[in-house]
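Asks: return atomic coordinates for the entry below.
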Amino acid sequence: MRFLLIKFTLIFLTYLVVLLYFCIFTYNLPLLILFICSILLALFRKYYLMIPILIVFAVFFLLINSLSIRDNENQPKNLSKIELIPDTIQVNGDLLSFQGRMNRQKYQVYDTLKSLKEKEFYQNLSQNCQLSFTGNLEIPEIQRNFNGFDDQKYLASQNIYRQITIQQITNVEIKKNFDLHTLRRKAIVWTQNHFPKPMSDYMTGLLFGFLSKDFNQMSDIYSSLGIIHLFALSGMQVNFFIDWFRKILLRMGLTRERVNLVQIPFSIFYAFMTGLSVSVLRALFQKNIRLTSLDNIGVTTLVLMLISPKILLTTGGQLTLFYAFVISMLNHSFSNLNGLKKC
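Replies: Model prediction:
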């Protein structure tokens, strides 16, 4: 689909916005040169309306980048309380990890569990709570080895700039407030307690986007069974759930127009239940945006960069969008080929 009034395709606009994104967030001279050449090509083709759109995105990206720098610089020197985000709890042996909030800042937290009772408490915890503790507030480690994992960069992509290593928890205050984090955690805990392994890992991974530490230990087995792709970056389960959801509503007698309307809030709810997983968000947007293949991935990419500006700073975000772009290109090529055969 071409927007004839503005004489350029959405996928070309998306290409320029992505180049602009990386020029701002990860300054790179070759990318800058490529961006300038692409802008000159757009001007040569008289795509003048692209310029104000690109300026709007540039201002937005610069604002996000400056806010990130400010948040990184305005971190507290010490902290004694943290509000635990329940659906981020991970227990691996005697190591507890989770994300927490305090004073509008997010933190990655680590603790060594002292007893089996304490371990069982956190494995079954499905409520919001506030922890009082003594510990160290530290800057996450940077990449030390070539091709090594950059913990600092990864956490910064989630707006986390400090990590906490707890020495001792002095008080646990259970909160009665309810939110979607709590609902997702309750669903994860219920699944883990009512289904045997590895079935519980399958279900929490596919239904809620939660992969426990046990999953990493079983990944070779999943690969040999040929099902590892179900937990990868494709978000392929989204199509399955959305299609069944639509079939159920249509069987109940709802019109297609009403089903299309109900599908949107269901998609938003499901996105939260999967922890706003990058691949699920991408798949949900593609499922709900009713455009041709290339325009679909173009709009999806632009919307994702607006609602989650750091999505392309993660390997997962880059791979899932690249995967979707390749599939869209193949669909577009085959549709053109079929059109030529019909002629």
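
Asks: in the stretch 151-300 of the chain, where is pLDDT below threshold?
Replies: 212-236 (pLDDT under 70).

Asks: domain assignment for this protein?
Replies: As given by automatic domain parsing, the domain ranges for the chain are 10-73, 81-177, 195-231, 236-342.

Asks: for V189, which of these is the nearest?
Replies: Comparison of those against V189 by Cβ to Cβ identifies domain 81-177 as nearest, at 4.8 Å. For every residue, glycine as well, the C-beta is placed using N, CA and C.

Asks: so how far is the closest one off the chain centroid?
Replies: Using Cα atoms, centre = their mean, to the nearest Å, the mean C-alpha position of domain 81-177 is found 19 Å from that of the whole chain.

Asks: ends of that domain, what's the gap?
Replies: In domain 81-177, first residue to last residue: 18 Å (Cα to Cα, to the nearest Å).

Asks: I'd like the domains of the chain as JSON lines, with mean neighbour count and distance to R185 appended.
Replies: Converted to JSON lines, the domains of the chain look like this (neighbours: other Cβ atoms under 10 Å; distance: least, Cβ to Cβ, whole Å):
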{"stretch": "domain 10-73", "mean neighbour count": "15", "distance to R185": "26"}
{"stretch": "domain 81-177", "mean neighbour count": "15", "distance to R185": "4"}
{"stretch": "domain 195-231", "mean neighbour count": "15", "distance to R185": "9"}
{"stretch": "domain 236-342", "mean neighbour count": "16", "distance to R185": "10"}
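
Asks: possible to save those domains as JSON lines with distance to K186?
Replies: Listed next are these as JSON lines, based on distance: least, Cβ to Cβ, whole Å:
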{"stretch": "domain 10-73", "distance to K186": "31"}
{"stretch": "domain 81-177", "distance to K186": "4"}
{"stretch": "domain 195-231", "distance to K186": "10"}
{"stretch": "domain 236-342", "distance to K186": "11"}
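
Asks: how about the helices in this structure?
Replies: Secondary structure of the chain by DSSP state H: the helices cover 10-25, 29-44, 50-73, 116-124, 151-156, 180-194, 199-208, 213-225, 236-251, 256-273, 278-288, 293-307, 315-342.

Asks: distance to N171 added to those, as TSV?
Replies: What follows is these, written out as TSV (distance: least, Cβ to Cβ, whole Å):
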stretch	distance to N171
helix 10-25	40
helix 29-44	50
helix 50-73	28
helix 116-124	14
helix 151-156	26
helix 180-194	20
helix 199-208	30
helix 213-225	27
helix 236-251	40
helix 256-273	29
helix 278-288	35
helix 293-307	36
helix 315-342	36
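
Asks: mind checking which of those is nearest R101?
Replies: helix 180-194 (10.2 Å).

Asks: run the angle between the closest one and helix 256-273 for me.
Replies: Calculated by axes from the mean of the first three to the mean of the last three Cα atoms, to 10 degrees, helix 180-194 forms an angle of 80 degrees with helix 256-273.

Asks: helix 199-208 and helix 180-194, what's the angle between them?
Replies: Using the same axes, to 10 degrees, the inter-axis angle of helix 180-194 relative to helix 199-208 is 160 degrees.
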